[in-house]
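**Q** Got a sequence here, can you model it:
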Amino acid sequence: MLSEVNRTDLFCEYYEKWIAVYKKGAIRKVTMDKYLMTHQWLIKLAPELKICDLNRITYQQVLNDYAEHHERQTTMDFHHQLKGAVLDAVDEGLIERDPTRKAIIKGKAPCVKKIKYINQFELHTLLTRLVLKAEVSWDWFIVLVAKTGMRFSEALAITPKDFDFAHQTLSINKTWDYKGEGGFLPTKNKSSVRKIQIDWQTVIQFSELVKGLPENKPIFVTAKVYNSTVNDVLARYCRNANIPVISVHGLRHTHASLLLFAGVSIASVARRLGHASMTTTQKTYLHIIQELENKDVDLVMRSLSGLS
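**A** Residues are numbered from 1 along each chain as shown. As a prediction, this is how the structure comes out:
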C-alpha cells in the first residue's frame, strides 16, 4: 500500500494509508479513533497539500490552523500523531528534510478547568449522603471508585470473582467496553493489571452486596452504560452536599490526592492507580507534590533551627 506512494500524492491520503498499515490492529480502539480524527482534521485544514510540498513552513501552517480551534495540549497531541507519519515519509525518501523539526506548538487560551478533586472532609460529606441499599446501585459504584481509585472502565468490569475478601484485595485485570458494544477488554497497559488492597469496611459491605451474583459477570453492568449517567448521579449528590461538583474520574484524582497528602510514596500511588510509570503520577499530581515539598522544606528548616 505505502510502496505505491509518490511524492506528488496528497499528504492526507498518505496519512490515511499510513494509519491503515501501522496502526490498524496494533492500538486500542479509543486510540485509533484519535488518529482517525486527526486524519479528518488534516482533510479539513490541508486538503490540497502534497507530500512534496511538506516543509517547515507548510507543516507549521497546518499546526497553526489547528491551534486556532484547540488548546495547546490538544495541538501537541495532533502534532505527535502527524509526526510519526511524517518521519516515516522522510525515511522513505518522500520528503528530503524533517519538516516537524523545531515546530512551534500554539493553542487557544485554556478554558476554566473543572475542579479535579475534593478534600477529605468533602469526600466524607459526599459518602455520607449516598443511599447504600442492599442491592447494587451507582451509589455503591461511587463508593468503590472513591475507595480504590480505579478507572471508570475498570470499575465497570469488576465481577464478584475479582474480590478476595480473605486477603482484602481486589484484582484489576480487565476493562469494560462501555464506548463500544460492551464486553470485556484488556486493561490500558500491563501496569494496569494489579491487586488493590481494600479496607475492612469495604470488604464487609461488598461481601454482602455480591452474595448470590454470577461470579464472572460484571456487578454494575445490566445494560448499555454511559459515563454521563454515573457522572449525573455523582453531580447531583455533590450539589446536594454543597461541595464542588466532580466527575467519576475526579474520584480517582481525589483518591490519589488523599494518599499523597497522607504521606504514601509516589511509587505506591503509581502502582495502586495502575500507571505505567511514576512519571505519569508525578505529571498528573505535580501541584500536590510541590505543595508537599514546600511542607518538607518547612520541616527541614524547623529541624535545623532546633540543632543550635
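**Q** in the stretch 51-200 of the chain, which spans are strands?
**A** Secondary structure of the stretch 51-200 of the chain, counting by DSSP state E, counting those that start in this stretch: strands at 163-164, 169-172, 175-176, 184-185, 194-197.
**Q** tell me the most buried of those?
**A** strand 175-176 (a mean of 22; mean count of other Cβ atoms under 10 Å). Using the backbone N, CA and C atoms, a C-beta is placed for each residue, glycine as well.
**Q** That one: partners in the sheet, and parallel or antiparallel?
**A** Looking at strand 175-176 with DSSP bridges, its partner strands are strand 184-185 (antiparallel).
**Q** ok now the strand it pairs with, how far from the chain's centre?
**A** Distance of strand 184-185 from the chain centroid (Cα atoms, centre = their mean, to the nearest Å) equals 17 Å.
**Q** cool, and stretch 244-264?
**A** Mean-position distance between stretch 244-264 and its chain equals 14 Å (Cα atoms, centre = their mean).
**Q** what's the answer for stretch 240-255, then?
**A** 16 Å.
**Q** Can you check the distance spanned by it, start to finish?
**A** In stretch 240-255, first residue to last residue: 21 Å (Cα to Cα, to the nearest Å).
**Q** now stretch 117-136
**A** Note: stretch 117-136 ends 25 Å apart using Cα to Cα.
**Q** What of stretch 274-294?
**A** 27 Å.
**Q** circling back to that earlier point, with mean pLDDT added, can I get the strands of the stretch 51-200 of the chain in TSV?
**A** Output for the strands of the stretch 51-200 of the chain, formatted as TSV (pLDDT from 0 to 100):
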stretch	mean pLDDT
strand 163-164	97
strand 169-172	97
strand 175-176	96
strand 184-185	93
strand 194-197	96
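**Q** In JSON lines, list these along with distance to K24.
**A** Listed next are those as JSON lines, based on distance: least, Cβ to Cβ, whole Å:
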{"stretch": "strand 163-164", "distance to K24": "37"}
{"stretch": "strand 169-172", "distance to K24": "28"}
{"stretch": "strand 175-176", "distance to K24": "21"}
{"stretch": "strand 184-185", "distance to K24": "17"}
{"stretch": "strand 194-197", "distance to K24": "29"}
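**Q** what about D53, neighbour count?
**A** 17 (other Cβ atoms under 10 Å).
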